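Asks: Predicted model follows, preceded by the sequence.
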Amino acid sequence: MKRIFRCTAIATIAVSLAPLISDSGVFSSNKSCAGGDTVCAQTRGMAAVPPLVLWAWERPEDLRFINPRQTGVAFLAGTVRLGPDGMSFRPRLQPLRVAPKTRLVAVVRIEVAANSVLDAIQADKVAAAIAGAAEAPQVVAAQVDFDATVSERAFYRELLLQLRRQLPVSTPISITALTSWCIGDRWLAGLPVDEAVPMLFRMGTGQSEVSNWMRAGRDFREPVCQTSLGISLDEPWRELPAGRRVYAFSPSRWTERSLQTLYREMQSWR
């Protein structure tokens, strides 16, 4: 059933992404390094992902104006919804246009309803959907977007273990991370991920504490959070650590002008 489900997910994703990329082939599917209870964490890391990545969420986007050598695109490939009746997968429905050499990160959002069954079987199914999304053309990494609560963390850990088994060895795993996970929570230690992106926007009640933390020149305590940053154009930062991969969200469609605004903000950081 897992193989049938994964093939179905891949086919659905391929159809939904058909109009976005031309002159490109699907990355080769190397064998995953899973054996029994062993999980191989030796990927190529995030080296294939550019230093700047634009998030392309569920809306039409034309990003053919970016320089593929400097900028990548993390596109919402689909949304997994978990509920009492099981799992559903909604693929991306909006067009995304990029240049043929643009490196892509396939993002899958996970949403959990009340009374969901979060067990190893569900984790395996969700991992299959994410792995299928990562087989789309030009994708060099998979990213999971899941604001897991404390009670959902064991499921999330199992999901990431299953995902690492199912992905090719060469495909790194990125996750979005609440800033509390990176500063004081410390539950990320030991997860089979190559990167956790601290989300420095839409932080809610803890925003002032995080802002003060960053302005004081402090770094994130969790090492996996120390290589990247997640920001939004409508919540600019005057100062952030330079030299890290930046994932940027725009509340409206990306344009050459909004990209220039982002460049100016980044140049002001230390």
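Replies: Alright, I've got the coordinates.
Asks: Quick check: the gap between G190 and E222.
Replies: 11 Å (CB to CB, to the nearest Å). (Glycine included, C-beta is placed from N, CA and C.)
Asks: These two: which is more packed in?
Replies: Ranked by neighbour count (other CB atoms under 10 Å), G190 and E222 place E222 first, with 20 against 9.
Asks: from what I can see the more buried one touches W181, true?
Replies: Yes. With contact defined as CB atoms under 8 Å, E222 reaches W181; the gap is 6.8 Å.
Asks: what is in contact with these two at once?
Replies: L188, A196 (CB atoms under 8 Å, 6 or more residues apart in numbering).
Asks: what does the strand or helix carrying S180 rub up against?
Replies: Using DSSP states H and E, S180 sits in helix 179-180. Contacting residues not belonging to helix 179-180 are listed as P198, M199, L200, M203, G206, V210, F220 [CB under 8 Å, 6+ apart].
Asks: at 10 Å instead, please
Replies: 185-187, 198-201, 203, 206-207, 209-211, 213-214, 220, 225, 230 (CB atoms under 10 Å, 6 or more residues apart in numbering).
Asks: what is V73 paired to in the beta sheet?
Replies: Bridge pairing for V73 (DSSP bridges) gives the partners L54, L104.
Asks: no, scratch that, I was asking about R90
Replies: Beta-bridge partners of R90, as defined by DSSP bridges: T79.
Asks: Can you give me the end-to-end span of stretch 236-247?
Replies: 13 Å (CA to CA, to the nearest Å).
Asks: All further residue positions should be reported with the first residue as 280.
Replies: Understood, numbering begins at 280; the last thing we discussed is stretch 515-526.
Asks: Strands along this structure, start to end?
Replies: Here the chain has its strands, by DSSP state E, at 313-314, 317-318, 331-335, 340-341, 350-362, 365-370, 375-376, 383-391, 418-424, 452-456, 474-477, 507-511, 524-528.
Asks: Export the ones you listed to JSON lines and append columns for mean pLDDT and distance to E437.
Replies: Output for these, formatted as JSON lines (pLDDT from 0 to 100; distance: least, CB to CB, whole Å):
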{"stretch": "strand 313-314", "mean pLDDT": "37", "distance to E437": "14"}
{"stretch": "strand 317-318", "mean pLDDT": "36", "distance to E437": "11"}
{"stretch": "strand 331-335", "mean pLDDT": "98", "distance to E437": "26"}
{"stretch": "strand 340-341", "mean pLDDT": "98", "distance to E437": "33"}
{"stretch": "strand 350-362", "mean pLDDT": "97", "distance to E437": "13"}
{"stretch": "strand 365-370", "mean pLDDT": "95", "distance to E437": "14"}
{"stretch": "strand 375-376", "mean pLDDT": "97", "distance to E437": "31"}
{"stretch": "strand 383-391", "mean pLDDT": "98", "distance to E437": "13"}
{"stretch": "strand 418-424", "mean pLDDT": "98", "distance to E437": "13"}
{"stretch": "strand 452-456", "mean pLDDT": "97", "distance to E437": "14"}
{"stretch": "strand 474-477", "mean pLDDT": "96", "distance to E437": "17"}
{"stretch": "strand 507-511", "mean pLDDT": "95", "distance to E437": "24"}
{"stretch": "strand 524-528", "mean pLDDT": "97", "distance to E437": "25"}
